[in-house]
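Trainee: Need a 3D model of the sequence below.
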Amino acid sequence: MRLKPHIQKKKGQIINISVIIPTYNRYEFLKRALSSVCRQSYSAKEIIVVDDGSTDYTPQIQEEFPNIKYIYQKNGGVSSARNLGIKHSSNEWIAFLDSDDEWDEEKLEKQVAFHINNPQILMSYTDELWIRDAKEVKIPKKFRKFGGEIFEECLSHCIIAPSSVLIHESILEDFDESLEVCEDYDLWLRIASKNEVGLVDEKLITKYAGHDDQLSFKFWGMDRFRVVVLEKLLLYEFPNEARELEKKQQVQLKPHIQRAKGCAALAAPEKQVIVIKNELIKKYTLLLKGAMKYDKIQDIKNYKKRLRELYDTH
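Mentor: Just a heads-up that it's a prediction; the model follows:
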């Protein structure tokens, strides 16, 4: 592996990377994704393709790319496939690539340079380019990228594309296999709640929209799944902080407005509980409006009940 001069200058340090590509019946897309990995100016040490039970020509990929590590499993979903790839990886640094996405040829090189220059940061991601029908799509402002302590910025929507991530194994956790969608949103929130996240502010991945098997098109009302993730965060990541915060009657923040402002006296985890609850109130309010519009009686009852609980403990 030949490193470019601006990387070599930093004590000759080399970062060894395993690339994990989950795939399911995307043979043609997979070839494009793998080609973009092979063109990298900074070579990955290992490329792992996890075939999640494909019934097309995907197994033939081994003949066209003989240097990959190909793993087949019965269909278990993208989280299961990524977790299996993590389990079989041989290097400390992991990069993810969805099989319908593509990398810029300098993607890994620029992230490696970032981490060598910022050794305290153990996860980074990049900006992205969206293509639909061979034309660039303008990315909505809600997906704006941030670097540093970005937990609060990650709450509304998933701003981190899995294909843009480079992460050290010491802070990497498993994807939640019980989540059919929003599994990436869930994992990045868990990681960002405890770690700084670096941003390489360049469009170094390309995401292609419009094909039928994209999960974002398969499911409507993604906030229904995001509230599940946020509730899970409160239950499993911040249970003690949530209970303690409810006892502090002096903490009276207006939802939708104050977020974590004016809470400097609170411990960081308690601030995170506040912003999670604020985001839940926003999302349940929107879901309630939708449920009322379509006269979904049980959903209306459930959303009203949870909103009352959130306001009562806020």
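
Trainee: Strands of the chain, start to end?
Mentor: All strands of the chain, identified by DSSP state E, fall at 17-23, 46-52, 69-73, 93-96, 101-103, 123-132, 135-137, 166-168, 198-209.

Trainee: Just the buried residues of the longest one, please?
Mentor: The neighbour-count check on strand 198-209 (16 or more other Cβ atoms under 10 Å) flags 198-200, 203-208 as buried. Any C-beta I mention is one placed from the backbone N, CA and C, and that applies to glycine too.

Trainee: Format the strands of the chain as JSON lines; extra columns: distance to Leu310 and mean pLDDT.
Mentor: Below are the strands of the chain laid out as JSON lines (distance: least, Cβ to Cβ, whole Å; pLDDT from 0 to 100):
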{"stretch": "strand 17-23", "distance to Leu310": "35", "mean pLDDT": "98"}
{"stretch": "strand 46-52", "distance to Leu310": "37", "mean pLDDT": "98"}
{"stretch": "strand 69-73", "distance to Leu310": "39", "mean pLDDT": "98"}
{"stretch": "strand 93-96", "distance to Leu310": "33", "mean pLDDT": "98"}
{"stretch": "strand 101-103", "distance to Leu310": "36", "mean pLDDT": "98"}
{"stretch": "strand 123-132", "distance to Leu310": "30", "mean pLDDT": "98"}
{"stretch": "strand 135-137", "distance to Leu310": "35", "mean pLDDT": "95"}
{"stretch": "strand 166-168", "distance to Leu310": "32", "mean pLDDT": "98"}
{"stretch": "strand 198-209", "distance to Leu310": "31", "mean pLDDT": "97"}
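
Trainee: Turn those strands into a markdown table, columns for distance to Gln60.
Mentor: A markdown table is the format used below for the strands of the chain (distance: least, Cβ to Cβ, whole Å):
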| stretch | distance to Gln60 |
| --- | --- |
| strand 17-23 | 12 |
| strand 46-52 | 11 |
| strand 69-73 | 10 |
| strand 93-96 | 23 |
| strand 101-103 | 20 |
| strand 123-132 | 26 |
| strand 135-137 | 31 |
| strand 166-168 | 29 |
| strand 198-209 | 21 |
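
Trainee: ok so, going back, kindly indicate which of the buried residues of strand 198-209 lies nearest Asp295.
Mentor: Of all those, Lys207 has the smallest distance to Asp295: 36.1 Å, by Cβ to Cβ.

Trainee: Tell me how far that closest one lies from Asp98.
Mentor: Per Cβ to Cβ, to the nearest Å, Lys207 is found 8 Å from Asp98.

Trainee: Which residue is the nearest non-sequential neighbour of Tyr286?
Mentor: Small correction: residue 286 is Leu, not Tyr. Closest residue in space to Leu286, ignoring its immediate chain neighbours: Asp223 at 6.2 Å, by Cβ to Cβ, 6 or more residues apart in numbering.

Trainee: Surely that neighbour touches Leu288?
Mentor: No. Asp223 is not in contact with Leu288 according to Cβ atoms under 8 Å; the separation is 10.9 Å.

Trainee: who's in contact with Phe29?
Mentor: 23, 99-100, 208, 211 (Cβ atoms under 8 Å, 6 or more residues apart in numbering).

Trainee: cool, and His88?
Mentor: His88 is in contact with 48, 69, 71, counting by Cβ under 8 Å, 6+ apart.

Trainee: Make sure Ser89 is actually in contact with Ile21.
Mentor: No. Using Cβ under 8 Å, Ser89 is not in contact with Ile21; the gap is 11.7 Å.

Trainee: Specify which residue of those two has the higher count of neighbours.
Mentor: Ile21 (26 against 21; other Cβ atoms under 10 Å).
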